[in-house]
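S.K.: 3D model of this:
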Amino acid sequence: MRQRAQLGFSLLAILAAGMTLSAAWPAVIPSTDADQDDGKRSDTPLNAQQIRILVDRAIENQRHNDLLLEQYGRTEHSLARGTSKEPDKETICRVIPAGSSIVRVELEHNGKVSDTAYLDQQWHSVAQALLAQARGREFHGDAAFERERHNHERADMVSAIGKAFVFRWAGRATINGRTVVKLTFEPDPAYRSSARFAAVYAHSRGVAWVDESSAQLMRAEAQLNDDVSWGGGLIAKLYRGGQFTYEQREASPGVWLPSQYSYDFDGRKFLFTLSLHQRMEYTDYLRLGPPEEALAVIRREHPAVFSNLN
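M.R.: Numbers count the residues shown, from 1 in each chain. Next up, the predicted model:
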């Protein structure tokens, strides 16, 4: 499960950076005017310079969104497809950012609602984490280190997108009233990097849907067109055909946050089989702010859990 989580974080970072694969997205997110010209949409293609500007703006916006995500609570619905040795797992959690850590309150597991005592215990852990952060006593350990490493890697991956791929015009559409630019991409053969994500970039192709006025990524889909190996395949390998998708929506004015992502990958790590198949949905966004502000919100919602906190 630790391997699944670590690789999953890396895949999410790729998605958030804007890697995509062409697909009939309007069929996935219905819109009555998805493929119709409403008279307001320009059919003039963007030139190479305009595409570069749009991509650069989208990358900068994504970096900003990633930072703001640390201040928003949300409900996470996770469905992980199991293997012959592991059953499917479905959970619904309330996700609470707590500075250098993330705390999940499990509301439901495989269709079973968490009882009151278990919920109180989890909210107590949330309060402890926020209180420690607000008082300057950060939690340390493997989880905090892993989160910091992931955030750093994700930022690097987002920044590298503009150099790692060549983006080309693929048209416009109107999605839910927004004019969306569709850009195909393929690896730039001139891009060189020793970062471990560079191997994935070099074997992925696709299309990004970007809101033209705000330069915000709306949806991404991607697929590996070749096997991706680390250490000549001795350390790890992801098999060709692996896919991932990512969608964002405007959670508050000017702030676009994940609404869903999924990945389906098979491969191996050393001599062990890897099977990574998971779908995540995010709803009920609420800005909590930094830990000291979030602490006040949680105290109002769950006053009982603070009764025995120091």
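
S.K.: hey, let's count contacts and neighbours off CA atoms from now on
M.R.: Noted.

S.K.: What's the first helix or strand after the lowest-mean-pLDDT helix or strand in the chain?
M.R.: Least confident helix or strand, the chain: helix 25-28 with a mean of 34, by mean pLDDT, DSSP states H and E. Using DSSP states H and E, the helix or strand that directly follows helix 25-28 along the chain is helix 48-69.

S.K.: Show residues contacting that next one.
M.R.: Under the criterion Cα atoms under 8 Å, 6 or more residues apart in numbering, residues 16-18, 155, 158-159, 161-162, 167-169, 210, 212, 215-217, 255-257 lie in contact with helix 48-69.

S.K.: which residues touch the next helix or strand after that helix?
M.R.: Going down the chain from helix 48-69, the next helix or strand is strand 72-80, by DSSP H and E. Contact with strand 72-80 is made by 88-97, 277-289, as judged by Cα under 8 Å, 6+ apart.

S.K.: partners of the helix or strand just after strand 72-80, with directions?
M.R.: Downstream of strand 72-80, the first helix or strand assigned by DSSP H and E is strand 89-98. Using DSSP bridges, strand 89-98 pairs in its sheet with strand 72-80 (antiparallel), strand 101-109 (antiparallel).

S.K.: Determine which of these approaches Val297 most closely.
M.R.: The closest of the strands paired with strand 89-98 to Val297 is strand 72-80. By Cα to Cα, the value is 10.6 Å.

S.K.: residue contacts, Asp156?
M.R.: Contacts of Asp156 (Cα under 8 Å, 6+ apart): none.

S.K.: brain fart, Tyr261
M.R.: Tyr261 touches Leu12, Phe244, Thr245, Tyr246, Glu247, Arg279, Met280, Glu281, counting by Cα under 8 Å, 6+ apart.

S.K.: how close does it sit to Arg149?
M.R.: 21 Å (Cα to Cα, to the nearest Å).

S.K.: Then Ala127?
M.R.: Ala127 sits 24 Å away from Arg149, going by Cα to Cα.

S.K.: what's the answer for Gly136, then?
M.R.: Distance from Gly136 to Arg149, counting by Cα to Cα: 20 Å.

S.K.: Looking at Ala127 and Arg149, which has the bigger crowd around it?
M.R.: Using other Cα atoms under 10 Å, the more surrounded residue of Ala127 and Arg149 is Ala127, with 25 against 11.

S.K.: what's the pLDDT at that one?
M.R.: Listed pLDDT for Ala127 reads 92.

S.K.: beta partners of the residue nearest to Thr184 when sequence neighbours are not counted?
M.R.: Of all residues not flanking Thr184 in the chain, Val207 sits nearest, at 3.9 Å (Cα to Cα, 6 or more residues apart in numbering). For Val207, the beta-bridge assignment (DSSP bridges) gives partners Thr184, Glu221.

S.K.: didn't Trp209 look like it was pressed against Leu217?
M.R.: Yes - between Trp209 and Leu217 there is a contact at 6.2 Å, judged by Cα atoms under 8 Å.

S.K.: can you pull up the bridge partners for Tyr72?
M.R.: Tyr72 has these beta-bridge partners by DSSP bridges: Arg287.

S.K.: repeat for Tyr282
M.R.: Beta-bridge partners recorded for Tyr282 (DSSP bridges): Glu76.

S.K.: again with Asp264
M.R.: Listed by DSSP bridges, the beta-bridge partners for Asp264 are Gln243, His277.

S.K.: OK, contacts around it?
M.R.: With Cα under 8 Å, 6+ apart, Asp264 has these contacts: Gly242, Gln243, Phe244, Ser275, Leu276, His277, Gln278.

S.K.: Any figure for the gap between the last one and Arg268?
M.R.: Translated: Gln278. Counting by Cα to Cα - Gln278 and Arg268 are separated by 17 Å.

S.K.: who has more neighbours, those two?
M.R.: Gln278 (21 against 18).

S.K.: Could you check how far that one is from Leu295?
M.R.: As defined by Cα to Cα, Gln278 lies at a distance of 31 Å from Leu295.

S.K.: what about the residue nearest to Leu217 when sequence neighbours are not counted, which helix or strand?
M.R.: Leaving aside its sequence neighbours, Leu217 sits nearest to Val210 (Cα to Cα, 6+ apart; 4.5 Å). In the assignment (DSSP H and E), Val210 maps to strand 204-211.

S.K.: I'd like to know which elements that strand is packed against.
M.R.: Counting contacts by 3 or more Cα pairs under 8 Å, 6 or more residues apart in numbering; DSSP states H and E, strand 204-211 packs against strand 178-187, strand 216-224.

S.K.: which one of those has the most crowded surroundings?
M.R.: Ranked by mean neighbour count under mean count of other Cα atoms under 10 Å, these are led by strand 216-224, which reaches a mean of 25.

S.K.: report the angle between the axes of that strand and helix 48-69?
M.R.: Interaxial angle, strand 216-224 versus helix 48-69 (axes from the mean of the first three to the mean of the last three Cα atoms, to 10 degrees): 100 degrees.
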